[in-house]
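# I would like to see how this sequence folds:
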Amino acid sequence: MQLRENPVGDHKSIWPKRLTLWDLISLEALQQLQDSLAAVGDVQVVIADPVGNLMTMPSNERIPGLWMSPSENGAASDGGLPQGLFAQVRRDLKVCTQRHEPLGIRQAAIPIIVDDKHLANWWIARDANGLRLQDQVPAANEDRGLPVAAPDAGDQDNGASFAAIITWVEGFTRQLTQLGLQNLMLARQGVGPSHSDADMEGLEAQFDSLLQARTEALIVANKRLQLEVLERDLLEEQNERKTALLDAMNRVLQQTLNGEDEKSLVNTFLEAAQALTRSPIGFIVQRRGERWWVMAALHRAEGGRYFHLPYADQPFPIGGLWKKLVKTGSVFTMQGAVDQTQWYALPEDFPELSPLLAVALPSHTGIEGFVALANNDHGYGMVDQTDVQTLSKVYVEALLRKRSERARRESEQRLLLALESADEGLWDYFPQTAEIYYSPRWFGMLGYAASDLPCDFITWTTLTHPDDLSVLKGTFERVVKGTEDGFRIEIRMLSQSGQWHWVQTRGRAAERDATGQVYRISGTLIDVSKYKQVELALQKANQELQRLAALDDLTQIANRRRFDERLAEEWRRARRNGTPLAVIICDIDFFKAYNDTYGHIKGDEALHAVAQAINGVLKRPMDLVARYGGEEFAMVLPSTDLHGALRVATEVREAIGALGIEHRASSICPTISLSYGVTALVPRDGLASRLLVERADRALYQAKARGRNCIVETAAERVKAI
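Residues are numbered from 1 along each chain as shown. Reported below is the predicted structural model:
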């Protein structure tokens, strides 16, 4: 939008040495013009200077498009202007447009040029499909046979109207800047200034320059603060969601510790899943024998109260997409209104489901079924799917444990009933003479014949595992001394096949002499190996759940929560021992541009590769790397000074370079690179562990300001770039 005419003769001698757009039109008027254009044209608009600094506040941010987040050196940052379009408009100095096909966004850059001076750029964006991004169904639904949103057929009309907006903006701005230049030149014509007037003008020019520089700095600082607040809010939201998931898991696991039946467990699980996903409607279906049953159906009212729907404990003739869901063991998400005819077997009076999230229970456990959650007004995202799948695994583990415990109780009852009419698994011990009687079943459980071994207490101690021998002897000694009347212990005993069997032995003082001395102890012996195996498996599963709670699902390294816990632990240890502690925070350069260029799947693969490369550099068990957030990673290095931390950062940098992951969208390196902030200190009283994070984060910021792909250290108040 170049101004070719010279409206007031030869004005080059009287215009400002540094002509800006604000000399021609006030910032307030410029903002009002921009807001009006955004509202009328239903576009996203912002005005920036030629190097990318914001001159106005963005208008119509609800329209998906592009926002600027410039770095201090003026170059577009990870989250800023589209770099291709940014470079093109600076090079060609004419209207430049492009369309982002995956998201259906039209973008345009219109340079504002007055008398051959490039003063600023209009940046305009519009959703070409006419659909808000959050209303589109993920493409993954296509693979599952579910409906997806179709692009607007009127895209050509959309493009024509967008071109008309660009033409209008170009012409209107030309006229507006012409008028502003005329007013500026007329105001500066007349009698030349005196010597004192010239001095005053020089002072005013210096003041205007300082004022403009301060204003630009405040704009940049304000934008940076907004981004920091947004990042903090996102981290808080993620932490809150993780905490909610852990609380839901604890609620379900708590059911395994009480004596309530499976009905209470399934209701607790469904309530927890509905609360986690903010779903008013929920129901769970499981297979029992050859038929399918609605185990629970709940309505979650406002205020968090739950009401049972009249469909529980009824048969569910599974079919349609329900059958496909269970067969594939997958997840279905329907973001719009659900065509209930596709699902089959829903009662006619069943509440309308819109939208719907359905998650199959892990069928490899032997429990077949699914949980369905519906009617969250905001729809269901990937985090809802992942959390419900995790909670479903916890529910199934709790259900299996409850069934195992019930089976164990029933088995013990049957054994007790059998022992009332038979002497199997019995023993009778006389401590004063060391005589003991073992029934044939006592030997048979371990694979021996009664004639294979002598009937004395040495036989029992010989067959007992060395680690359990003290438990066996100590228990009998306490009963003989009278400190215990009865007991029940579990020990390992060697079978005839050479395997260790877990056995449970119960006993009590059966007879005493006239002085109260115990001279007979009787009891039973039961093989509990299979129950012990289930118990050990559940313990292992619980340990795995605890590990997963501290693990980042995508990168398979520690998450932010685990990093904070580990940093606090190592801080206390280092303060107690007087040893140094180091922290490294690093960030993938231009990662948003990488995602925009290669797609989010490649972005996830890159994050995983970088995380594993960093983890491979850390050799000591005490060192920890965690995904600190987004594309940012953090390392805590105990007993490491600043020199050692810099050596680790250098090795990590070399490992990332060795990956050779192509990054065409990077302006500093042809492959993926990282910026590093390194710090170390010896903790002392009066300091908090967050000081290390703050210093490392400050060093990382300096690394970005120095052009990225570098290491910056900070120690005390000193900052040094490498």
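# quick check: longest strand of this protein.
When the chain is scanned for its longest strand (criterion: DSSP state E), the result is strand 500-512.
# each with direction, which strands does it pair with?
strand 486-494 (antiparallel), strand 518-527 (antiparallel) (DSSP bridges).
# so L581 touches P683, yeah?
Yes: with contact defined as Cβ atoms under 8 Å, L581 reaches P683; the gap is 6.1 Å. Using the backbone N, CA and C atoms, a C-beta is placed for each residue, glycine as well.
# who has more neighbours out of the two?
Looking at L581 and P683 with other Cβ atoms under 10 Å, you find the greater number of neighbours at L581, namely 25 against 22.
# what sits against that one?
Residues in contact with L581, defined by Cβ atoms under 8 Å, 6 or more residues apart in numbering, are 570-571, 574, 636-640, 680-683, 692.
# W293: which of these is nearest?
V636 (50.2 Å; Cβ to Cβ).
# for the helix or strand harbouring E694, packing partners?
Assigning secondary structure by DSSP states H and E places E694 in helix 690-705. Applying 3 or more Cβ pairs under 8 Å, 6 or more residues apart in numbering; DSSP states H and E, one finds that helix 690-705 makes contact with helix 560-577, strand 581-588, strand 674-681, strand 711-715, strand 718-721.
# which of these has the lowest mean pLDDT?
For the helices and strands packed on helix 690-705, the weakest mean pLDDT is recorded on strand 718-721, namely a mean of 43.
# neighbours of the nearest residue in space to W571 that is not next to it in sequence, just the number please.
Once its chain neighbours are removed from consideration, W571 has its nearest residue in S689; the separation is 3.8 Å (Cβ to Cβ, 6 or more residues apart in numbering). Taking other Cβ under 10 Å as the criterion, the count of residues near S689 is 19.
# and after the host helix or strand of R403, which helix or strand comes next?
According to DSSP H and E, R403 maps onto helix 382-420. Following the chain from helix 382-420 toward its C-terminal end, the next helix or strand by DSSP H and E is strand 426-430.
# so which elements touch the next helix or strand along the chain from that next one?
Taking DSSP H and E as the definition, the helix or strand that follows strand 426-430 towards the C-terminus is strand 435-438. Counting contacts by 3+ Cβ pairs under 8 Å, 6+ apart, the secondary-structure elements packed against strand 435-438 are strand 426-430, helix 457-463.
# redo that, cut-off 7 Å
Secondary structure elements in contact with strand 435-438, counted by 3 or more Cβ pairs under 7 Å, 6 or more residues apart in numbering; DSSP states H and E, are strand 426-430.
# ok, back up a step: looking at the strands paired with strand 500-512, which is buried most?
Here the criterion is mean neighbour count by mean count of other Cβ atoms under 10 Å, and of those the winner is strand 518-527, at a mean of 19.
# which parts of the longest strand of the chain are buried?
501-505, 507, 509 (16 or more other Cβ atoms under 10 Å).
# try stretch 369-389
By neighbour count with 16+ other Cβ under 10 Å, stretch 369-389 contains the buried residues 369-376, 379-381, 384-385, 387-389.
# end to end on that stretch, go ahead and measure it.
End-to-end distance for stretch 369-389, by Cα to Cα, to the nearest Å: 13 Å.
# what's the answer for stretch 514-523, then?
Terminal residues of stretch 514-523 are spaced 22 Å apart (Cα to Cα).
# same question for stretch 431-450.
The first residue of stretch 431-450 is 21 Å away from its last residue (Cα to Cα).
# low-scoring pLDDT stretches of the stretch 1-150 of the chain, where are they?
Counting by pLDDT under 70, the stretch 1-150 of the chain contains low-confidence residues at 1-18, 62-82, 101-104, 128-150.
# domain-wise, how is the chain divided?
2-188, 254-408, 422-534, 552-721 (automatic domain parsing).
# quick revisit: and the helices and strands packed on helix 690-705 as a markdown table, adding distance to V252?
What follows is these, written out as a markdown table (distance: least, Cβ to Cβ, whole Å):
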| stretch | distance to V252 |
| --- | --- |
| helix 560-577 | 20 |
| strand 581-588 | 36 |
| strand 674-681 | 40 |
| strand 711-715 | 45 |
| strand 718-721 | 49 |
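# and the residue sitting furthest away from the middle of the chain, what does it touch?
Distance from the centre of the chain peaks at A514, with 70.7 Å (Cα atoms, centre = their mean). Under the criterion of Cβ atoms under 7 Å, 6 or more residues apart in numbering, A514 has no contact partners.
# wait, V528 touches E490, no?
Yes: here V528 reaches E490: they are 6.5 Å apart, a contact under Cβ atoms under 7 Å.
# report the mean per-residue pLDDT for the host helix or strand of E236.
Using DSSP H and E, E236 sits in helix 195-254. For helix 195-254, the mean pLDDT works out to 69.
# what is the helix or strand following that helix packed up against?
Downstream of helix 195-254, the first helix or strand assigned by DSSP H and E is helix 262-277. Using 3+ Cβ pairs under 7 Å, 6+ apart as the contact criterion, the elements in contact with helix 262-277 are helix 195-254, strand 281-288, strand 291-300, strand 369-374, helix 382-420.
# quick one, strands of the stretch 1-150 of the chain?
Under the criterion DSSP state E, counting those that start in this stretch, the stretch 1-150 of the chain carries strands at the ranges 2-3, 44-48, 96-100, 105-114, 117-127.
# tell me how far stretch 634-641 lies from the chain's centre.
Distance of stretch 634-641 from its chain centroid, counting by Cα atoms, centre = their mean, to the nearest Å, is 24 Å.
# so for it, what's the average pLDDT?
So the average pLDDT for stretch 634-641 ends up being 95.
# kindly export that stretch (C-alpha atoms) in CSV.
Coordinates of the C-alpha atoms in stretch 634-641 are reproduced here as CSV (Å, rounded to 0.1, in the frame of the first residue of the first chain):
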residue,chain,number,x,y,z
ALA,A,634,14.4,-30.1,33.4
MET,A,635,17.3,-32.0,35.0
VAL,A,636,18.3,-32.2,38.7
LEU,A,637,21.9,-33.2,39.3
PRO,A,638,22.8,-33.9,42.9
SER,A,639,26.4,-33.5,44.1
THR,A,640,27.2,-31.5,40.9
ASP,A,641,28.8,-28.1,40.7
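# about what we covered before: which neighbours do V528 and E490 share?
Counting by Cβ under 7 Å, 6+ apart, the contacts common to V528 and E490 are 502, 504.
# what does the pLDDT read for the closest residue to L234 other than its chain neighbours?
Distances taken as Cβ to Cβ, 6+ apart place G629 nearest to L234, at 7.7 Å, with adjacent residues excluded. On pLDDT, G629 comes in at 87.
# hmm, G629 is touching R232, no?
No: the pair G629 and R232 fails to qualify as a contact (Cβ under 7 Å) at a distance of 9.7 Å.
# what about these two, which has more around it?
Set side by side, G629 and R232 show unequal neighbour counts under other Cβ under 10 Å, the larger going to G629 at 16 against 11.
# any idea how far the more buried one lies from D697?
11 Å (Cβ to Cβ, to the nearest Å).
# and what of A680?
According to Cβ to Cβ, A680 stands 14 Å off from D697.
# so how far is L276 from the nearest residue to D553 once chain neighbours are set aside?
Excluding the flanking residues, the one nearest D553 by Cβ to Cβ, 6+ apart is T386, at 6.8 Å. Relative to L276, T386 is positioned 11 Å away (criterion: Cβ to Cβ).
# now swap in D35 and tell me
As judged by Cβ to Cβ, D35 and L276 stand 40 Å apart.
# with neighbour numbers in mind, choose between those two.
In terms of neighbours (other Cβ under 10 Å), L276 is the more surrounded of D35 and L276; the figures are 21 against 16.
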